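Q: structural data only, the sequence is not supplied:
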C-alpha cells in the first residue's frame, strides 16, 4: 500500500475501500508529515482489518522516514461485522504506533467519536487535540449502564471537556479541524521531525540581555500569597509566547513549550494559584509525561520551582502517591537533555528533590533571593518541634528558623545551588546557560529499556 523507493518516500497514498487513507502532506509552516485520515462518514469510521493495516503502515512509514505522524481520528471502533480480523488489524496498528514512541512525534486530532480500540490508540499519542464535539471512551454509556446501573451521557463520560479537565487525555481542545491543524503547526514549530534531530531555532525579536524585573514583581511578599506562574514564564521566554499543554488538567503544574534565546525549550512550573502549587498524582503524571517527551525529542527542560511539597491525604496515598510521585523522579533522573532549575520561592521536602534539584543531575540550579529551601516551612517545623511551647516561644522559633534556614545562601554554600540571582537577571542567565549547553551530550547506559514506575 505504501510506495517507498530507496530511502526516499515518493508518495504515500494507501487507500482501501474503508475508513482510512494516508499520504504525505506539507503543512502551512513548511513541515512535512505523514498524514492519516480516518473518515467517520464511511460506516461511522468502523475500522476493518484493511483500514487498520493502512493505519499501521502509515505509522511505520512515519517512523522509518523520520517524519511526524499526524492522525485525524473519527471512528466507532473495530468493525463488528468483520469480527476477529478487525481486532487483529487494530492490534497491528497499535503496535506500529507504539513503535513510533520516542522516535517521531505522534499527534492525534479527534474530530468525532473515538471508541474502544481507537480510544486506546489516542492514548499512545504524544499529544491529542480534540474538537469541542469530539468524544472518546473505551466503554460507552450503554455498557456503563448495563454493568454499573449508572446512566451517563456521552459528553459526561468522554467528551472533550471531560478529557481536558478530568482524565488529561486531551492535550488541547479547539473549535474546528482548522483550529486543530493550526495548533499542531504551532506545536511542531518547537519540535524536531525525529529523535535524531535537534529542534530548529525559533525566529524571535527578543534580546538575550533583556532584564526581567517584572518576574520578581509578580511574587507576593507573603510566602503564602498566590500568583499566576504563567505570567512569570511569559516574562522570561522569547516575545512572551508560550504554548501550554494540558492547561485544564492538573492545574497545579504548568507544562509549556516556548523558546529562550531562540532555543525551543520545555518548561515545567509549579502553579501557586492551584492547590498552592503542591504536587499530587495528576500533577506528577502530567509533569513526568512532559519531561519524558522533552527528553525524547531533545528539548532542554527549564523547571520553575515554587511548591510547599506533596499534597497530603489518605486518598492520595491509597491511590498510589508513592508510585506516581516516583514517575516524576524517574523522568528527571533519566533525562539527558540540558536541564536548568530556577527556585523562585518555596522548595520544601520531597518536592524539592522531585522538581529537578541539583543532586538529581541538573546542569544549572539558580535561586532567587526569595527562595526558601528546607525540609519544611517554619510553621510546620514549629508544629512538630515546638508543639508543647507557648505561642510566644513558637513565634520566636519560627522567626529564628526563617532567618537561619529559609534562604538560598546556605544551599549555595554547600553546592546545592549554583548561583543566587535576582529575578531581573534570570532571562540573561537562562540565555547564557542555553548557549553554553547547546552541545551537551550524555553517553547512555546500554540496556534493553528501563522499567518506569507506572
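A: Here it is on my side, so go on. Being a predicted model, the structure only gives us computed values, none of them experimental.
Q: going forward, measure contacts and count neighbours with C-alpha atoms only.
A: Fine.
Q: run a quick neighbour tally on the residue nearest to residue 75 when sequence neighbours are not counted.
A: Counting by C-alpha to C-alpha, 6 or more residues apart in numbering, residue 75 lies nearest to residue 45, which is 4.0 Å off, once chain neighbours are set aside. Using other C-alpha atoms under 10 Å, residue 45 is surrounded by 24 other residues.
Q: residue 390 too?
A: Each residue near residue 390 was counted by other C-alpha under 10 Å, and the total is 10.
Q: doesn't residue 36 belong to a strand?
A: Yes - under DSSP: H, G, I helix; E, B strand; the rest coil, residue 36 falls within a strand.
Q: for the nearest residue to residue 308 once chain neighbours are set aside, name its beta-bridge partners.
A: Leaving out its chain neighbours, the residue that sits closest to residue 308 by C-alpha to C-alpha, 6+ apart is residue 348, at 5.2 Å. In this entry, residue 348 is beta-bridged to residue 374, by DSSP bridges.
Q: just for the stretch 1-150 of the chain, where's the confidence low?
A: Scanning the stretch 1-150 of the chain for pLDDT under 70 picks out the ranges 1-19, 81.
Q: ranges for the helices of it?
A: Assigned by DSSP state H, counting those that start in this stretch, the stretch 1-150 of the chain shows helices spanning 49-65, 84-100, 117-123, 141-148.
Q: so who does residue 169 touch?
A: Under the criterion of C-alpha atoms under 8 Å, 6 or more residues apart in numbering, the neighbours of residue 169 are 123, 128, 163.
Q: change it to 6 Å
A: residue 163 (C-alpha atoms under 6 Å, 6 or more residues apart in numbering).
Q: give me the three-state assignment for it.
A: coil.
Q: show the pLDDT at it.
A: The predicted local confidence for residue 169 comes out at a pLDDT of 97.
Q: nearest residue to residue 353 other than its sequence neighbours?
A: Of all residues apart from its sequence neighbours, residue 360 sits closest to residue 353 (C-alpha to C-alpha, 6+ apart), at 7.0 Å.
Q: what do you get for residue 165?
A: Leaving aside its chain neighbours, residue 165 sits nearest to residue 249 (4.5 Å; criterion: C-alpha to C-alpha, 6+ apart).
Q: then residue 92?
A: For residue 92, the spatially nearest residue (C-alpha to C-alpha, 6+ apart) is residue 56, at 6.2 Å.
Q: the one you found is in contact with residue 94, isn't it?
A: No - with contact defined as C-alpha atoms under 6 Å, residue 56 does not count as touching residue 94 (7.4 Å).
Q: tell me which element the residue minimising distance to the centre of the chain falls in.
A: The structure's the chain has its C-alpha centroid closest to residue 290; by C-alpha atoms, centre = their mean the separation is 2.7 Å. Counting by DSSP states H and E, the element that carries residue 290 is helix 281-296.
Q: repeat for residue 316
A: helix 314-318.
Q: now that helix: average pLDDT?
A: Here helix 314-318 scores 93 as its mean pLDDT.
Q: likewise for stretch 351-358?
A: Across stretch 351-358, the average pLDDT comes to 90.
Q: what are the buried residues along it?
A: Of the residues in stretch 351-358, those scored as buried under the neighbour-count criterion (16 or more other C-alpha atoms under 10 Å) are 351, 352, 354, 355, 356, 357, 358.
Q: show the end-to-end separation of that stretch, please.
A: In terms of C-alpha to C-alpha, to the nearest Å, the two terminal residues of stretch 351-358 are separated by 13 Å.
Q: name the nearest residue to residue 269, sequence neighbours excluded.
A: Nearest-residue entry for residue 269: residue 304, 4.5 Å, with adjacent residues in sequence omitted and distances by C-alpha to C-alpha, 6+ apart.
Q: could you report the neighbour count for that neighbour?
A: Residue 304 is flanked by 26 other residues according to other C-alpha under 10 Å.
Q: within the sheet, what are the partner strands of the helix or strand it falls within, with directions?
A: Counting by DSSP H and E, the element that carries residue 304 is strand 301-307. Partner strands and pairing direction for strand 301-307 (DSSP bridges) are strand 263-270 (parallel), strand 339-348 (parallel).
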